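*Asks:* how would this look folded up:
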Amino acid sequence: MSSIVTSVGGVDVSRETMEKLEQLSALIIKWTKAINLIAPNSVPNLWDRHIVDSAQVFHCAPDSWTHWVDLGSGGGLPALVVAILDQQNRLITLIESDKRKCLFLTTARRELGLNISIINRRIANAETVPANIISARALAPLNDLLGYADQFLGADGIAIFPKGERYQEELDHAAQAWHFDVKAHTSQTNPDSRVLELSGIIRRES
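*Replies:* Residues are numbered from 1 along each chain as shown. Below you'll find the predicted structure:
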């Protein structure tokens, strides 16, 4: 068994896992030159701003999940990081409407040997089996994300959404249309941001 060498976003990883994360980083940098997977000005801070930030999403999830759905996957953050960190080879579904970004995701799946399913459709038109976990990073306001949660989450499912400094405003706004329980985890990459873990999501009656 590989020895644990370090912690990434609260997750202890082996040397082999670290190598895959480094491979992913190199792929993202290479492809960003052509299709802007991430903001070019964030490339120098790729590890903390994107890899560690994605790893903490995985860290927030309960270990009992069997199917994870990532919405608007784009450059595969957090989904590809989740797939690398998951040692149980569970199914992760990535939904992305941009064909070029799906080509990147397919390349990453092949080169990193990941158990992921890629759906090249708009979120509203995508279909998949119910998920235990859904995630989305920098995709939409929380109120809209909860609508997607209603679409994809199975019973007792959990949504995990990293949010910036105005997270409380988004929570307050979303609470007008939705019932939910929330745990707000302090971000490891920005102390003013939170990773929101939401459960018991139910639309309020109008």
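
*Asks:* can you give me the helices for this protein?
*Replies:* For the chain, the helices defined by DSSP state H cover 15-35, 46, 53-60, 79-85, 99-112, 142-152, 167-174.

*Asks:* what residue ranges in the protein are flagged as low confidence?
*Replies:* By pLDDT under 70, the low-scoring segments of the chain are 1-5.

*Asks:* which ones are touching the most centrally placed residue in the chain?
*Replies:* Nearest residue to the geometric centre of the chain (C-alpha atoms, centre = their mean): residue 78, 3.3 Å. Counting by C-beta atoms under 8 Å, 6 or more residues apart in numbering, residue 78 touches 53, 54, 55, 57, 58, 70, 135, 137, 162. Quick note: C-beta positions are derived from backbone N, CA and C, even for glycine.

*Asks:* With residue 126 instead?
*Replies:* Counted by C-beta under 8 Å, 6+ apart, residue 126 has contacts 95, 119.

*Asks:* Backbone dihedrals for it, both of them.
*Replies:* For residue 126, the backbone dihedrals (degrees, to the nearest 10) come out as phi -80, psi 150.

*Asks:* And for residue 113?
*Replies:* phi 60, psi 50.

*Asks:* that older thread, can you tell which of the helices of the chain is closest to residue 127?
*Replies:* helix 142-152 (9.3 Å; C-beta to C-beta).

*Asks:* Now do the closest one against helix 167-174, angle only.
*Replies:* Orientation check (axes from the mean of the first three to the mean of the last three C-alpha atoms, to 10 degrees): helix 142-152 against helix 167-174 gives 60 degrees.

*Asks:* Now do helix 142-152: which elements does it pack against?
*Replies:* On a contact count with 3 or more C-beta pairs under 8 Å, 6 or more residues apart in numbering; DSSP states H and E, helix 142-152 meets strand 67-71, strand 131-135, strand 153-163, helix 167-174, strand 178-186, strand 194-203.

*Asks:* how about a markdown table for those, with distance to residue 147 and mean neighbour count added?
*Replies:* Output for the helices and strands packed on helix 142-152, formatted as a markdown table (distance: least, C-beta to C-beta, whole Å; neighbours: other C-beta atoms under 10 Å):
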| stretch | distance to residue 147 | mean neighbour count |
| --- | --- | --- |
| strand 67-71 | 11 | 26 |
| strand 131-135 | 11 | 25 |
| strand 153-163 | 11 | 20 |
| helix 167-174 | 10 | 16 |
| strand 178-186 | 9 | 15 |
| strand 194-203 | 8 | 18 |
